[in-house]
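In: Below is the sequence, then the predicted model.
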Amino acid sequence: MKILKTFRHELKYIISYEDMLNLKKDLSELLKVDRSNDGYMIRSLYFDSINDDDYYDKLAGEMNRKKIRLRIYEPDPEFVKLELKAKYDTHQLKRSLLISREEAEELIKGNYEVLLIHNEDFANEVYSILKTGVYKPKSIIEYNRLAYITNTTTRITFDFNIKNSRDYSKFFDKDINYTNVTNKKDVVLEVKFDRYLEPYISSILAKYASRMQSVSKYVMARNLEGGNIL
């Protein structure tokens, strides 16, 4: 099965819901909406090592770090994205593989050998990380996303209503008992591009997003739980 790969810059900001509405109005005159004008759901299940290495690497601001997750866009999917997202200095490399729901359920149970049937270098790499680091599910993160795209590879997203759960067995359920990670007034703005950000987009963003931040929904959720909860 084909491995999807993206290598890009990512800028992240926290803005107010009001600023999101104003920025959304400005962007909608120039960019195309991706998927839906009303946004769409993203639900991810993050894995981390027995020592929470990925969590602490992010807290320490390590230049090279990673995260592993399962991602779905509806509660009852046929396929699931297995993603390994790695940061190298200012660049992000994200690789993903579509696996079946049944395979994802096995990963949640800790049966990582199911990845070996894919006979893919990427699947073998993820298997090795999960196995040697004794990775376990740590947090389900769900949020709503509005996305805008340009004619190039630039992508701007608004993530809001961010919430989390540790009830991993219900990852595929329609309804999950969540705890809010952010209040309804906070929005995570992400700006993603390959080589350069178009000047006209930079000009628009400057009115609303003046200070870039190191934002991680996974870390925000773990901090809310008290961090190192095994």
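Out: Perfect, I can see it now. Because the structure is a prediction, the values reported are computed rather than measured.

In: Tell me the pLDDT of the residue nearest the centre of the chain.
Out: For the chain, residue 44 is the residue whose C-alpha lies nearest the centre (CA atoms, centre = their mean; 6.9 Å). Looking at residue 44, its pLDDT reads 98.

In: in what helix or strand does residue 102 lie?
Out: Using DSSP states H and E, the element containing residue 102 is helix 101-109.

In: and that helix, what other elements does it pack with?
Out: If you count contacts as 3 or more CB pairs under 8 Å, 6 or more residues apart in numbering; DSSP states H and E, helix 101-109 packs onto strand 64-72, strand 79-88. Yep, even glycine has a C-beta here, placed from its N, CA and C like the rest.

In: average pLDDT across the very next helix or strand once past that helix?
Out: Going down the chain from helix 101-109, the next helix or strand is helix 121-132, by DSSP H and E. For helix 121-132, mean pLDDT rounds to 96.

In: Give the full set of residues in contact with the residue nearest to the centre of the chain.
Out: Going by CB atoms under 8 Å, 6 or more residues apart in numbering, residue 44 touches 69-72, 140-142.

In: what do you get for residue 26?
Out: Each residue near residue 26 by CB under 8 Å, 6+ apart is listed here: 204, 207.

In: what sits up against the helix holding residue 102?
Out: So helix 101-109 is in contact with 45, 47, 70, 77-80, 82, 99, 114-115, 130, 137, 168-169, 171-172, going by CB under 8 Å, 6+ apart.

In: now with 10 Å?
Out: Helix 101-109 has contacts (CB atoms under 10 Å, 6 or more residues apart in numbering) with 45, 47, 68, 70-72, 76-82, 97, 99-100, 111-115, 117-118, 123, 126-127, 130, 135-137, 168-169, 171-172.

In: can you pull the pLDDT of the residue lying closest to residue 169 once chain neighbours are set aside?
Out: Closest residue to residue 169 apart from its sequence neighbours, by CB to CB, 6 or more residues apart in numbering: residue 108 at 7.5 Å. Looking at residue 108, its pLDDT reads 97.

In: Spell out the residue ranges of the strands in this protein.
Out: 4-16, 32-34, 40-48, 64-72, 79-88, 91-100, 136-149, 155-165, 179-180, 186-193 (DSSP state E).

In: Tell me how many other residues crowd residue 58.
Out: Burial of residue 58 is recorded as 19 neighbouring residues (other CB atoms under 10 Å).

In: my read: it touches residue 85, true?
Out: No - using CB atoms under 10 Å, residue 58 is not in contact with residue 85, being 11.3 Å away.

In: hey, what's in contact with both of these two?
Out: With CB under 10 Å, 6+ apart as the test, residue 58 and residue 85 both reach 65-67.

In: residue contacts, the residue lying closest to residue 160 once chain neighbours are set aside?
Out: Nearest residue to residue 160, sequence neighbours excluded (CB to CB, 6+ apart): residue 187, at 4.6 Å. Residue 187 makes contact with 13-21, 23-24, 143-144, 146, 157-162 under the criterion CB under 10 Å, 6+ apart.

In: For these, which PyMOL command selects only the ones that are buried?
Out: Here is the PyMOL command that picks out the buried ones among the contacts of residue 187, judged by 16 or more other CB atoms under 10 Å:
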select buried, resi 13+15+19+20+23+24+143+144+146+157+158+159+160+161+162
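
In: re the thing from before, using TSV, lay out the contacts of residue 44 together with distance to residue 92 and neighbour count.
Out: Formatted as TSV, these follow (distance: CB to CB, whole Å; neighbours: other CB atoms under 10 Å):
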residue	distance to residue 92	neighbour count
69	14	22
70	18	25
71	15	17
72	21	20
140	22	22
141	17	24
142	21	21
